[in-house]
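Asks: Need coordinates for the below:
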Amino acid sequence: MAGFSTRAIHDGQEPDATTGAVNVPIYLSSTYAQEEIGKHKGWEYSRVSNPTRDALEANLASLEGGTSAHVFASGMAAISAMVTLLKTGDHVVCGENVYGGTPRLFDQIVAGYGIEFSYVDTSDPVALRAALRPNTKLVHIETPTNPLMTLTDIRQAAEICHAHNPDLDLAVDNTFMSPYFQQPIALGADLVMHSTTKYLNGHSDGLGGVLVGTKPRHKEQFAFIQKCTGGILSPFEAWLVMRGIKTLAVRMREHDRNGRAIAALLEAHPAVERVWYPGLPTHPQYALAKSQMSGFGGMIAFEMGSLERANRFLTKLTVCTLAESLGGVETLISHPATMTHAAIGQEARTRLGITDGMVRISVGIEDLADLEADLQQALNSL
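Replies: The predicted structure follows:
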């Protein structure tokens with residue numbers, strides 16, 4: 001098998017047969033001419049399939065080591081498609097500390113169809129094993145979690161799930177690490193999910209989501225959902241993700257280099273009470289991070305002590321941008337309690353340890369010295 005960067009640039013993206021163009025064209029056609037009844041060139045209608053989207057899906061399946069990939073209009077659209085594997089009476093185990101929109105979807109929409117959800121600390125194998133029921137059909141985890149950077153041992157979780165029921169699907173949200181730094185399927189996962197909006201796109205200019213499957217039923221079900229519900233990725237945004245993936249390896253190396261340095265700076269500064277970053281030796285799961293990830297990435301959370309101190313710090317920044325989202329080339333910094341995790345409520349945030357003083361930073365690929373100077377001056381102002 002070719003190396004990661006070679007596959008990122010070439011898999012699914014052969015030169016155009018007609019023109020020789022090295023980039024896959026953006027096929028904006030909604031429909032395709034047919035030579036006669038029942039005879040066409042592989043495409044009929046772009047809700048069902050589109051050549052640009054097909055190229056991206058082949059590329060993502062290769063990078064994650066799956067057998068099929070299916071892209072959707074957003075990360076949440078991908079999560080919504082994932083739960084169509086379930087039916088009334090089924091049970092799902094979900095990590096207790098995941099992106100806030102995930103439990104909002106599960107509890108306020110999907111639960112209304114008679115599907116049960118349990119939220120547990122999946123980093124604890126005893127808790128995960130205890131949460132499984134005879135009717136558990138899906139276990140969904142994020143690792144590292146958003147924003148507390150807690151890791152789940154993917155290999156161990158897969159063994160627990162498959163010992164309980166060989167047909168039980170373990171789904172891993174791999175958005176924070178990207179396939180460059182973490183390969184859940186190689187560790188035993190059945191499904192991988194990404195918000196392609198983040199590191200895969202990498203330029204903060206398009207929404208998207210993907211499910212990468214490993215079983216024939218995944219391919220059949222998710223292709224059917226794309227066709228039936230129509231929540232698919234547009235050709236232009238599929239092209240943007242492909243454009244981003246070509247530089248994924250080099251970008252992730254820079255995110256990782258800057259992330260390690262910024263985490264060390266934050267940990268050493270007296271204005272910061274605590275730092276959560278798997279690449280710090282002080283992280284309680286540092287050894288696990290080194291064993292299942294090939295890098296630590298650019299996602300960091302840290303504690304400023306109060307909402308007032310966090311806000312004062314955030315308003316002093318000039319290079320780092322206060323905004324939702326993550327994974328772009330620019331450094332984005334956010335306040336989880338009022339942004340990504342506002343939807344889960346104060347009680348849940350308190351239980352999980354997401355305080356009003358917590359700040360999350362997605363370290364970009366700007367010059368490290370500029371990022372360090374910006375953070376230092378804002379911290380020193382406190």
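Asks: contacting residues around stretch 269-284?
Replies: 144, 147-149, 151, 256, 259-260, 263-264, 266-267, 285-286, 289, 293, 295-297, 299-305, 309, 313, 357, 376, 379-380, 382 (CB atoms under 8 Å, 6 or more residues apart in numbering). C-betas here are computed from N, CA, C, even on glycine.
Asks: Same check on stretch 210-221?
Replies: For stretch 210-221, using CB under 8 Å, 6+ apart, the contacting residues are 57, 60-61, 64, 66-72, 78, 81-82, 84-85, 185, 189-194, 196, 200, 222.
Asks: what's downstream of the lowest-mean-pLDDT helix or strand in the chain, the next helix or strand?
Replies: Lowest by mean pLDDT, DSSP states H and E among the helices and strands of the chain is helix 345-352, with a mean of 90. Remark: after helix 345-352, the chain's next helix or strand is strand 358-362, criterion DSSP states H and E.
Asks: partners of that next one in the sheet?
Replies: According to DSSP bridges, strand 358-362 has the following sheet partners: strand 299-303 (antiparallel), strand 332-334 (antiparallel).
Asks: which one of the ones you listed is the most hemmed in?
Replies: Most buried of the strands paired with strand 358-362, by mean neighbour count (mean count of other CB atoms under 10 Å): strand 299-303, with a mean of 24.
Asks: quick one: that strand to chain centroid distance?
Replies: Taking CA atoms, centre = their mean, to the nearest Å, one finds strand 299-303 lying 17 Å from the centre of the chain it belongs to.
Asks: avg pLDDT for it?
Replies: In this model, strand 299-303 has an average pLDDT of 98.
Asks: Name the surrounding residues that touch that strand.
Replies: With CB under 8 Å, 6+ apart as the test, strand 299-303 has contacts from 144, 146-149, 176, 259, 262-263, 266, 272-277, 326, 336, 355, 357-363.
Asks: Give the phi and psi angles for the residue lying closest to Val24 once chain neighbours are set aside, as a check.
Replies: Spatial nearest neighbour of Val24, excluding adjacent residues (CB to CB, 6 or more residues apart in numbering): Ala55 at 4.5 Å. With angles defined as degrees, to the nearest 10, Ala55 sits at phi -60, psi -40.
Asks: can you tell me how far Ala55 sits from Thr175?
Replies: The spacing between Ala55 and Thr175, counted by CB to CB, to the nearest Å, is 21 Å.
Asks: Tell me which of these two has more neighbours.
Replies: Taking neighbours as other CB atoms under 10 Å, Ala55 and Thr175 compare with Thr175 leading, 25 against 22.
Asks: need the contact list for that one.
Replies: Counted by CB under 8 Å, 6+ apart, Thr175 has contacts 75, 142, 193-195, 198-199, 327.
Asks: how would you label it: helix, strand or coil?
Replies: Going by DSSP: H, G, I helix; E, B strand; the rest coil, the secondary structure assigned to Thr175 is coil.
Asks: Could you tell me which of the contacts of Thr175 belong to strands?
Replies: 142, 193-195 (DSSP state E).
Asks: Between these, identify the one with the most neighbours.
Replies: The most crowded member of the ones in strands among the contacts of Thr175, judged by other CB under 10 Å, is His194 (30 neighbours).
Asks: For this protein, which segments count as strands?
Replies: Using DSSP E, strands in the chain cover 68-72, 91-95, 116-120, 136-142, 169-173, 191-195, 209-213, 274-276, 299-303, 321-322, 332-334, 358-362.
Asks: now those strands as a markdown table including distance to Val110?
Replies: Putting the strands of the chain into a markdown table (distance: least, CB to CB, whole Å) gives the following:
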| stretch | distance to Val110 |
| --- | --- |
| strand 68-72 | 16 |
| strand 91-95 | 8 |
| strand 116-120 | 8 |
| strand 136-142 | 11 |
| strand 169-173 | 14 |
| strand 191-195 | 15 |
| strand 209-213 | 16 |
| strand 274-276 | 29 |
| strand 299-303 | 27 |
| strand 321-322 | 32 |
| strand 332-334 | 26 |
| strand 358-362 | 26 |
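Asks: Of the ones you listed, which is nearest Gln226?
Replies: Of all the strands of the chain, strand 68-72 sits nearest to Gln226, with 6.0 Å by CB to CB.
Asks: State the mean pLDDT of the closest one.
Replies: On average, strand 68-72 scores 98.
Asks: what's that strand in contact with?
Replies: Contacts of strand 68-72 (CB under 8 Å, 6+ apart): 53, 56-61, 78, 80-81, 196, 208-213, 218-219, 222-223, 225-226, 231-233, 238, 241.
Asks: Of those, select the buried ones using a ChimeraX command.
Replies: Buried residues within the contacts of strand 68-72, by 16 or more other CB atoms under 10 Å, are selected in ChimeraX with:
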select :53,56,57,58,59,60,61,78,80,81,196,208,209,210,211,212,213,218,219,222,223,225,226,231,232,233,238,241
